[in-house]
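**Q** coordinates for the following, if possible.
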Amino acid sequence: MTCSTSTPPSAPGDVDTDSNGHNGFLTPAQGAAVAVRLATLGHDGPTGGFFSADGPLPW
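**A** Okay, the predicted model is just below:
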């Protein structure tokens, strides 16, 4: 069985975590929401882009 993923890269934003001294303005749940949304897209979802909570980002 072969597994693959086509989840596009995402930028969760400034998340309040230990690694940034809790200086972020988003909760970990808010930061994870972007990755979860992209990971659960159907096979016909967007690819080849970089995404934030607001949608596609230029690169």
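**Q** just checking, residue 34 is part of a strand?
**A** No. Under DSSP: H, G, I helix; E, B strand; the rest coil, residue 34 sits outside any strand and is assigned helix.
**Q** from residue 11, how far out is it?
**A** Residue 34 is 7 Å from residue 11, where distance means Cβ to Cβ, to the nearest Å. No exception for glycine: its C-beta is placed from N, CA and C like everyone else's.
**Q** neighbour count: those two, which is higher?
**A** Counted by other Cβ atoms under 10 Å, residue 34 and residue 11 do not tie: residue 34 has more neighbours, with 19 against 14.
**Q** give me every residue that touches that one.
**A** For residue 34, the contacting residues are 10, 11, 12, 13, 51, 52, 53, by Cβ atoms under 8 Å, 6 or more residues apart in numbering.
**Q** again, but for residue 51
**A** Neighbours of residue 51 in contact, by Cβ under 8 Å, 6+ apart: 8, 9, 10, 11, 34, 38, 57.
**Q** cutoff 7 Å now
**A** Residues near residue 51 by Cβ atoms under 7 Å, 6 or more residues apart in numbering: 8, 10, 34, 38, 57.
**Q** could you grab the helix/strand/coil label for it?
**A** At residue 51 the chain is in strand, as set by three-state DSSP.
**Q** so what's it bridging to?
**A** Beta-bridge pairing for residue 51 (DSSP bridges): residue 10, residue 56.
**Q** returning to what we had before: joint contacts of residue 34 and residue 11?
**A** Common neighbours of residue 34 and residue 11 (Cβ under 7 Å, 6+ apart) are residue 52.
**Q** state the distance from the closest residue to residue 49 other than its chain neighbours to residue 35.
**A** Once flanking residues are discounted, residue 49 sits nearest to residue 56: 4.9 Å by Cβ to Cβ, 6 or more residues apart in numbering. For residue 56, the distance to residue 35 (Cβ to Cβ) stands at 15 Å.
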